[in-house]
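>>> what follows is a predicted protein model with its sequence.
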Amino acid sequence: MQLNSYLIDSFKYNDLTNKKLLGKIKLLPEPNKAVRLFSHLINCQVKWMARITQDPLAQTMSWWEPVYNFDQLEPAWTKSLTPWLVYIDTKTEDELSTEVNFLGFDNSLWAATLKDIALQLNYHSIHHRAQIQTILRDQGIEPDFVDYIGTKYRKLS
């Protein structure tokens, strides 16, 4: 499997499971923490894309703001994800392995490969999805099964 196919598959897995998670967040009696974490995932995708495209506003973007209203989460998620799918699809493996420079949290110049940034976004999504799953349980809601293998295996008999 080519690297860009692997990364796109990872983003699509996170898309599927995060959208599934929204159905459970909607049921929460106290959704604020879950909504804040989901908003954070959106903001991370937006900010990292801004960083790699050298958007002059990237440095002023927050990892945590805005916090979206629940009804805004799915469209904002899709809007933050689509540029990543398009961007990765246009890159070769060599291009995905090249470093990009960006201003970091301390206003210093930093570098990371495009593939590592994409992997970070996907792993970060898994991390916060697990936190949201815990919030669901704490508020008496049974989370859905969202393990990766659940999207791949099939029953034979």
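Looks like it arrived, so ask away. Numbers count the residues shown, from 1 in each chain.

>>> need the single longest helix in this structure, by residues.
Counting by DSSP state H, the longest helix found in the chain is helix 114-138.

>>> all the helices of the protein, in order from the start?
3-25, 32-52, 70-89, 93-96, 114-138.

>>> so for Gln59, which of the ones you listed sits nearest?
Closest to Gln59 of the helices of the chain, according to Cβ to Cβ: helix 32-52, at 8.5 Å. C-betas here are computed from N, CA, C, even on glycine.

>>> so where's the chain shaky on pLDDT?
1 (pLDDT under 70).

>>> hey, which of the helices of the chain is tucked in deepest?
Using mean count of other Cβ atoms under 10 Å, the stretch among the helices of the chain with the greatest mean number of neighbours is helix 32-52 (a mean of 20).

>>> angle of that one against helix 114-138?
170 degrees (axes from the mean of the first three to the mean of the last three Cα atoms, to 10 degrees).

>>> and helix 32-52, how far out from the chain's middle?
7 Å (Cα atoms, centre = their mean, to the nearest Å).

>>> got it, and stretch 117-128?
That offset, for stretch 117-128, works out to 6 Å (Cα atoms, centre = their mean).

>>> export it as PDB, just CAs?
Extracted in PDB, the C-alpha atoms of stretch 117-128 (Å, rounded to 0.1, in the frame of the first residue of the first chain):
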ATOM      1  CA  ILE A 117       1.900  15.700  10.700                       C
ATOM      2  CA  ALA A 118      -0.800  13.600   9.000                       C
ATOM      3  CA  LEU A 119      -0.100  10.700  11.400                       C
ATOM      4  CA  GLN A 120      -0.200  13.100  14.400                       C
ATOM      5  CA  LEU A 121      -3.700  14.300  13.400                       C
ATOM      6  CA  ASN A 122      -5.000  10.700  13.100                       C
ATOM      7  CA  TYR A 123      -3.400   9.500  16.300                       C
ATOM      8  CA  HIS A 124      -4.500  12.600  18.100                       C
ATOM      9  CA  SER A 125      -8.100  12.000  16.900                       C
ATOM     10  CA  ILE A 126      -7.900   8.400  18.400                       C
ATOM     11  CA  HIS A 127      -6.600   9.800  21.700                       C
ATOM     12  CA  HIS A 128      -9.400  12.400  22.100                       C
END
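
>>> for the remainder of this discussion, apply numbering that starts at 108.
Understood, numbering begins at 108; the last thing we discussed is stretch 224-235.
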